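In: Provided below are the primary sequence and the corresponding predicted coordinates.
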Amino acid sequence: MSDRINDIWGERTPHRRGTTWPARVDQHLEEGVEDEQVDRWVQSACLLCSNGCGCDIAVKDGRMVGVRGRPGDTVNHGRLGPKGLYASTPWASSADRLTRPLIRQDGRLVETDWDTAMGRIVEVSRGLLEQKGPLSHGFYTSGQLFLEEYYALAVIGKAGLGTPHMDGNTRLCTATSAAALKESFGADGQPGSYTDIEHCDAIFLFGHNMPETQTVLWARILDRTRGEDPPRLVCVDPRRTMVAVEAERTGGVHLAPRVGTNLALMNGLARELLTHGWVDDDWVRAHTIGLDDLREAVAPYPPEEVARICGVEADDVRRAARIFGESDAVLSTVLQGFYQSHQATAASVAVHNLHLLRGQIGRPGSGVLQMNGQPTAQNNRECWADGDLPGFRNWDNPAHVQQLADLWNVDVMTIPHWAPPTHAMQIMSYAETGSIGLLWISATNPAVSMPESARIRRILAGEQCFVIVQDLFLTETAELADVVLPAAGWGEKTGSFTNVNRTVHLSEQAVAPPGEARSDLDIFLAYAEAMGFTDKDGEPLITWRKPEEVFDAWREVSRGRPVDYTGLSYDKLRGPSGIPWPVNDEHPDGTDRLYADGAFPTDTDDCETYGHDLLTGGAVTEREHRALAPAGRAFLRGAAYSPPHEEPTSDYPLRYTTGRTVYQFHTRTKTGRSRDLDRAAPDAWVELSPADAGPLDIAEGDWVRVESPRGALEVRARIGQVMPGAVFAPFHYGHWDPDDLAPDAGHRLANELTMTVWDPVSKQPCFKTAACRVTKVRDGDGPAPAPSTAASAPADGDVPAPPVGAPTTSEVLTRTPTYALDPSTRRS
């Protein structure tokens, strides 16, 4: 196998449209370990992006020592990306693992035993319940636990405590995915399938830097674009990513709208479809409602108006619309460029509008993938750890709430349903005031990942709220906690999880966790037992002890709902491939794509939401929804564009946006402990266009200060591929560094600058629309620590020579499929 730091997507296996994607098995073992020395291989799936690649874990002498892809898995056909290959296992044996509980004494965290730590938690919890009731408790979890752990936590929180204050960091990355799917189709769940890549003749990527966020899925696309009868690509992104490069190569279009103007662009595309008659009128009449309202909403956005608002060429808008309108099978993917931007839900719903107008949904090659950012974000949404009722039920439908009360044998009024579930940003506000007096954080690092991070750190460090953190390491968040619980990680516990396109995998325990670390499920169950939660008959609320028992209980909760798991079992999941839900008597082998019959779960008695005003977030009532008589038809929804909350000014003349790099994941808890990956992107940077850097006398590698009205960071500058007027910063970097060598560790948090503002429907924060200014601090002594691969490549290619045999940066920008890493950024 090639060096997958330099050759991110690996060897090409091109194939023509309508044929099966060839298998290619990727494998990586620790240095010095050979195949024949592996004691056993244990079934799992990768947890280092949302793709959900099937893999096996290599175990030697009781340690995880590597991974290999599973060739029969429908998701990846044996492939793994750089993060999966190089970061799946090194963290597990890191010397700084948490192995014993910690409690705060005299202002310091000190080691203790489990009885003492849990006793402290239970004492505070019971005291708050007596003084304030269940609204005093809040839970903030992750997109990286297992289904069984989310479901257990949901039952504890909703049926045991009765608190509405539960959400996950999925609110930061994919809440808009769920919201958009519910607004258009009546329920969460991806309509499309990864297999649509094999059948489409056009792919639209909306705010989705797939080559860096889902590398294996991008390899799947490259194998189509490099084969016979390739699809055309259309890229919507303010940076010239490798998607943009490939779009140009395939005869597609790169649309680079100004940050915060996505909805205006989408309205223009829909208007073009309607104007030119690129609409399947019969299908639209039979399967949708809202066409007249949509037509009225998009009428003010001809290409010239879109060009004025977005800063794109009017003819490029026309070309992109024509590709969508004249293609037989279009696949669209959507991610953070839409989700974390202004008018997020409205813009993401507008992607659905294009597909519904063309009748391109539910058939091979025609579908939508509202992507996730994390491997188990879908389970968080399915199980109610993020606020949604389990099984995609509607919190505002009394019959749905009663179903859960019956399943759990609790009084229906115990389950909070008098108002919408509390979202993460509101949870933090309640913790700030002390209204929430106990905040339990699991497997996430909000001190780095949440917007306006200085405020978040003040909240977590304050005395008004008792903070519990369970994690693998003493993260920037755990450092602020009152109690820290050592958790087992991937490969150290058993559970299931579901990826973007609904494929469920089983991850078996491969090794024992270190020291006294426990699985998140065991931690939650220990709390439930200590609290003595009971059902309405006085019997224990929770009787499960093993992950498989929780899974079986979840299956019953999912019965008859869109997310039906009743045909799944651990034994069934121990096959060669994951299986996409729904899996039931009607679909015993799973379901590749949804809505093939054009019937959607929009009926008032069945839907997951009654809908919202996309501009204001105002809720549609049950009566209003019933009057629409959707009768299984999808909703065409339109909204007017409005300017972002914070526009550039003379003091802050540039637009600030954040994102990811291919070599790091979230706040680097695992990838930062992989030497290969950390050397590839060892420190933070910001990207400016040559047009903006020149007048500011900023050159490649210079130290710069980037300020917004909320905060600042000081890092080195990459003169790169971002559009003029914009500044890009990767959000991964907090003050932790594996070698304590980063010269800017105390002032490199990208979220110091972002706003506490969220979308009115999805409640997802707007990380990508802030105003900023950039000033030069001092000259640099070399290039920025940004990779010269993919979207972070320098604008002019003027960086040190790449490794021998690797392609140059200029070759990257002229559309070669593999890319070089700037060796000066790699530590010896």
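Out: That came through, no problem. Nothing here was measured: the structure is a model prediction, and the numbers come from that model. Residues are numbered from 1 along each chain as shown.

In: isn't residue 89 right next to residue 59, touching?
Out: No - using C-beta atoms under 8 Å, residue 89 is not in contact with residue 59, being 9.6 Å away. Yep, even glycine has a C-beta here, placed from its N, CA and C like the rest.

In: In terms of neighbours, single out the busier of the two.
Out: Using other C-beta atoms under 10 Å, the more surrounded residue of residue 89 and residue 59 is residue 89, with 25 against 19.

In: where do the strands sit along the stretch 351-500 of the chain?
Out: Assigned by DSSP state E, counting those that start in this stretch, the stretch 351-500 of the chain shows strands spanning 367-370, 438-442, 466-471, 483-486, 495-498.

In: Would you point to the one among those that's packed deepest?
Out: strand 367-370 (a mean of 30; mean count of other C-beta atoms under 10 Å).

In: roughly how far is it from the heart of the chain?
Out: 14 Å (C-alpha atoms, centre = their mean, to the nearest Å).

In: mind listing what that strand pairs with, with the direction of each?
Out: strand 330-334 (parallel) (DSSP bridges).

In: Centre-most residue in the protein?
Out: residue 373 (1.6 Å; C-alpha atoms, centre = their mean).

In: Check the gap between that residue and residue 714 for me.
Out: 27 Å (C-beta to C-beta, to the nearest Å).

In: same deal with residue 23?
Out: From residue 23 to residue 714 the distance is 47 Å (C-beta to C-beta).

In: who's more crowded, those two?
Out: residue 714 (19 against 15).

In: so what does the stretch of helix or strand the more buried one belongs to touch, helix or strand wise?
Out: Element membership of residue 714, judged by DSSP states H and E, is strand 712-719. Judged by 3 or more C-beta pairs under 8 Å, 6 or more residues apart in numbering; DSSP states H and E, the packing partners of strand 712-719 are strand 685-688, helix 690-693, strand 703-707.

In: mind exporting the longest one as PDB, just the C-alpha atoms?
Out: The C-alpha trace of strand 703-707 is given here as PDB (Å, rounded to 0.1, in the frame of the first residue of the first chain):
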ATOM      1  CA  TRP A 703       2.500  35.400  11.900                       C
ATOM      2  CA  VAL A 704      -0.800  37.100  11.800                       C
ATOM      3  CA  ARG A 705      -3.500  38.200  14.300                       C
ATOM      4  CA  VAL A 706      -7.100  37.500  13.200                       C
ATOM      5  CA  GLU A 707      -9.700  39.300  15.300                       C
END
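
In: re the thing from before, for the residue nearest to the centre of the chain, give me its contacts.
Out: 49-50, 143, 170, 173-174, 213, 335-336 (C-beta atoms under 8 Å, 6 or more residues apart in numbering).

In: 6 Å instead, please
Out: 50, 173-174 (C-beta atoms under 6 Å, 6 or more residues apart in numbering).

In: pLDDT wise, what is the closest residue to residue 174 other than its chain neighbours at?
Out: Once flanking residues are discounted, residue 174 sits nearest to residue 372: 4.5 Å by C-beta to C-beta, 6 or more residues apart in numbering. At residue 372, the model reports a pLDDT of 94.

In: Next: residue 705.
Out: For residue 705, the predicted pLDDT is 98.

In: Neighbours of it, how many?
Out: 15.

In: Touching, it and residue 777? I think so.
Out: Yes - with contact defined as C-beta atoms under 6 Å, residue 705 counts as touching residue 777 (5.3 Å).

In: and for those two, which residues touch both?
Out: residue 714.

In: So what's the residue count around residue 769?
Out: Residue 769: 25 neighbours (other C-beta under 10 Å).

In: re earlier: highest neighbour count among the contacts of residue 373?
Out: Busiest of those [other C-beta under 10 Å] is residue 174, holding 31 neighbours.

In: List the residues that contact it.
Out: So residue 174 contacts 372-373, 377 (C-beta under 6 Å, 6+ apart).

In: Please repeat the previous calculation with a cut-off of 10 Å.
Out: 50, 143, 168, 334-336, 339-340, 370-374, 377-378, 380-381, 386, 500, 762, 764 (C-beta atoms under 10 Å, 6 or more residues apart in numbering).

In: Over to it: give its phi and psi.
Out: Note on residue 174: backbone dihedrals following degrees, to the nearest 10 are phi -140, psi 20.

In: mind giving me the domain ranges of the chain?
Out: Domains of the chain are assigned by automatic domain parsing as 2-93+809-827, 102-174+376-580, 175-371+620-635, 654-797.

In: In a markdown table: those domains, plus distance to residue 614.
Out: Shown next, in a markdown table, are the domains of the chain (distance: least, C-beta to C-beta, whole Å):
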| stretch | distance to residue 614 |
| --- | --- |
| domain 2-93+809-827 | 25 |
| domain 102-174+376-580 | 16 |
| domain 175-371+620-635 | 4 |
| domain 654-797 | 6 |
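
In: So which bits of the longest helix seen in the chain are buried?
Out: Scanning the chain for the helix with the most residues, using DSSP state H, yields helix 114-131. Residues of helix 114-131 classed as buried: 117-118, 120-122, 124-125, 128-129 (neighbour count, 16 or more other C-beta atoms under 10 Å).
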